[in-house]
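Chemist: Just a sequence and a predicted model for now, questions to come.
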Amino acid sequence: EDKVVQSPLSLVVHEGDTVTLNCSYEVTNFRSLLWYKQEKKAPTFLFMLTSSGIEKKSGRLSSILDKKELFSILNITATQTGDSAIYLCAVARSGGGADGLTFGKGTHLIIQP
Amino acid sequence: DTEVTQTPKHLVMGMTNKKSLKCEQHMGHRAMYWYKQKAKKPPELMFVYSYEKLSINESVPSRFSPECPNSSLLNLHLHALQPEDSALYLCASSQPGSGETQYFGPGTRLLVL
């Protein structure tokens, strides 16, 4: 059975701090790992990672994948209160067609002013 | 445009009612998904449609009946639901074989009384 484990499950930091969120996975026929941000409603896509060692960056957020050690990290620098959300890690399998995502339980990040 | 729309936003129904949730996307995606998300839990896959054919049913009870009338639309018909079916129902879409970047709609928050 596929497994996605995120840590920590919750994190409280002050505005301006840097945070690192972790995601480890065990999945048959791995294709990609995705990070989403979820506030009140739908998960919003952040990154998709397929290759090891290539950092993806978007503003203050960055992410990298290690396919040998089967984990990914999501970094957020200079955090702001608007970064408060649940960050979900998900993995997709390769199978030639569409496949659902398997999600971790998420990291609930709270940024205090 | 990465928009997936869902209606209604909120739905309250009794256990004997029949209702439908609707999802629409105009990104040309040929894979569409239904997920169920309970409070403080990650999304769980229910159904996958690929090229308008049901390809994955994650052992969902028959009181949930999906339908994909065309490549842009996805419905979820509900009948004789139980209070434990109360949840956020999320629709997503992607292009099969593209690495599975799934884009989510805002969800329908369902309450079964």
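Modeler: Received the coordinates, thanks.

Chemist: Report how many residues lie close to residue 33.
Modeler: Just going to use chain A. A count of nearby residues for A:L33, using other CB atoms under 10 Å in any protein chain shown, gives 24. Yep, even glycine has a C-beta here, placed from its N, CA and C like the rest.

Chemist: my question was about chain B
Modeler: Neighbours around B:Y33, by other CB under 10 Å: 29.

Chemist: Any stretches of chain A with poor pLDDT?
Modeler: Counting by pLDDT under 70, chain A contains low-confidence residues at A:95-97.

Chemist: One more pass at 50, please.
Modeler: Scanning chain A for pLDDT under 50 picks out nothing.

Chemist: Close to chain B: what parts of it are there?
Modeler: Neighbours of chain B within chain A, by CB under 8 Å from any CB of the partner chain: A:31-32, A:34, A:36, A:41-45, A:48, A:50, A:88, A:90, A:92, A:96-106.

Chemist: out of these, which are inside strands?
Modeler: Residues of the residues of chain A next to chain B located in strands (DSSP state E): A:R31, A:S32, A:L34, A:Y36, A:T44, A:F45, A:M48, A:L88, A:A90, A:A92, A:T102, A:F103.

Chemist: Please name the residues that touch residue 43.
Modeler: Since no chain was named, I'll use chain A. A:Y36, A:K37, A:L88, B:P43, B:L90, B:F104 (CB atoms under 8 Å, 6 or more residues apart in numbering or on different chains).

Chemist: I was thinking of chain B, sorry if that wasn't clear
Modeler: Residues near B:P43 by CB under 8 Å, 6+ apart: A:P43, A:L88, A:L101, A:F103, B:Y35, B:K36, B:Q37, B:L90.

Chemist: one step back: out of the contacts of A:P43, the closest to B:G28 would be?
Modeler: Nearest to B:G28 among the contacts of A:P43, counting by CB to CB, is B:F104 at 16.9 Å.

Chemist: how near is that closest one to A:H14?
Modeler: Distance, B:F104 to A:H14, by CB to CB, to the nearest Å: 30 Å.

Chemist: Could you do B:K22 as well?
Modeler: To A:H14, B:K22 is 43 Å away according to CB to CB.

Chemist: same thing with A:S52?
Modeler: 33 Å.

Chemist: So the two - more neighbours on which side?
Modeler: A:S52 (12 against 9).

Chemist: close enough to count as contact, the more buried one and A:F71?
Modeler: No: A:S52 is beyond contact range of A:F71, at 10.5 Å (criterion: CB atoms under 8 Å).

Chemist: Find residues that contact each of the two.
Modeler: Shared contacts of A:S52 and A:F71 (CB under 8 Å, 6+ apart): A:L65.

Chemist: contacting residues around the residue most central in space within chain B?
Modeler: For chain B, the residue nearest the mean C-alpha position is B:W34 (3.1 Å; CA atoms, centre = their mean). Going by CB under 8 Å, 6+ apart, B:W34 touches B:C23, B:L45, B:M46, B:F47, B:P66, B:L74, B:L76, B:Y89, B:L90, B:C91.

Chemist: what's the burial count for the fifth one?
Modeler: This points to B:P66. By other CB under 10 Å, 20 other residues sit near B:P66.
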